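Student: Kindly return the folded structure for what I paste below:
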Amino acid sequence: MDCALAAAELTNLLGLVAPPIGISFSNGAPAGVEPFDAPLPPPTSGGRTGRVPAGCVFWMRAAERTFTTVPEDHGNCSVGMLTHGLLSLEEAAAREDVRAIIESGWVTAEAAGGIPTVRERFSHITYGPLASTPADPDVVLLRLNARGLMVLMDALPGLRVEGKPQCHIVAVAREQGQVAVSAGCALSRARTGMPASEMTCCIPGGQVAGTVDALRRTAGVDTTVARYAAVDGRRFEG
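Tutor: This is a model prediction of the structure:
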């Protein structure tokens, strides 16, 4: 994949404000990629800590640079650790944050058991701008607005649209080979500060070129229709 070209085309066709992000799973640190090195804060009474409040925060940091992470870096958010294959369901269910969100009614224990997850437990997860990724990523993550979702839905009929938790679409793309969009979740939005106008999309790495081709076709049709509507609308101008 020409990652720089793919990033430019996705940005242009979908009107992205934030750059596309590449996410890669590996059993070993990628050569030449620096580890994420923010300090670990004091743990909670239940022993949770991590280098960011949740793994989805890495999406925001990766807009600026490429870095690699290890499981302990993700340790503050048991939901994200579950979806990314860093904890089993049984391990996650025993942790204080998962107990708290189940007790709140945000998700049921039964629903938690059906959340898609990365099946293998990898030692490293690497994030960074798609345009400068050192290797073809497993998953490409986009931050879309409503117009971008409109174009994407036209390009990919039957597009999978999901809700909470937002991070499980990484597993949907990697493990199930499907392009998936999430409307987001309260947990992630509070931790990332992602604008209310944005939602996320994950594309399997091997499907990026095909997705770009489909978007090109859709964008051309949308341009034609928009021009027609603009001309037609002139009849209503004073």
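
Student: tell me which element Ile101 is part of?
Tutor: Assessed by DSSP states H and E, Ile101 sits inside helix 96-104.

Student: Just the C-alphas of that helix, formatted as PDB.
Tutor: Presented in PDB, the C-alpha positions along helix 96-104 are these (Å, rounded to 0.1, in the frame of the first residue of the first chain):
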ATOM      1  CA  GLU A  96     -13.200  -2.300  39.400                       C
ATOM      2  CA  ASP A  97     -13.900  -0.200  36.300                       C
ATOM      3  CA  VAL A  98     -15.900  -2.900  34.500                       C
ATOM      4  CA  ARG A  99     -17.800  -3.700  37.700                       C
ATOM      5  CA  ALA A 100     -18.700   0.000  38.000                       C
ATOM      6  CA  ILE A 101     -20.000   0.400  34.400                       C
ATOM      7  CA  ILE A 102     -22.100  -2.900  34.700                       C
ATOM      8  CA  GLU A 103     -23.500  -1.700  38.100                       C
ATOM      9  CA  SER A 104     -24.400   1.600  36.500                       C
END
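
Student: ok, residues contacting that helix?
Tutor: 44-46, 48, 76-79, 82, 92-93, 107-109, 112, 187 (C-beta atoms under 8 Å, 6 or more residues apart in numbering). For glycine as for every other residue, the C-beta is placed from the backbone atoms N, C-alpha and C.

Student: Keep only those of those residues that are in helices.
Tutor: Those of these mapping onto helices are Ser78, Val79, Leu82, Ala92, Ala93, Ala109, Ala112, Leu187, per DSSP state H.

Student: Among these, which one is most surrounded by other residues?
Tutor: Val79 (28 neighbours; other C-beta atoms under 10 Å).

Student: from the middle of its chain, how far away would stretch 189-203 be?
Tutor: The chain centroid and the centroid of stretch 189-203 are separated by 8 Å, computed with C-alpha atoms, centre = their mean, to the nearest Å.

Student: Specify the local secondary structure of the closest residue to Ser188 other than its chain neighbours.
Tutor: Sequence neighbours aside, Gln166 is the residue nearest to Ser188 in space, at 4.2 Å (criterion: C-beta to C-beta, 6 or more residues apart in numbering). Under DSSP: H, G, I helix; E, B strand; the rest coil, Gln166 falls in the coil class.
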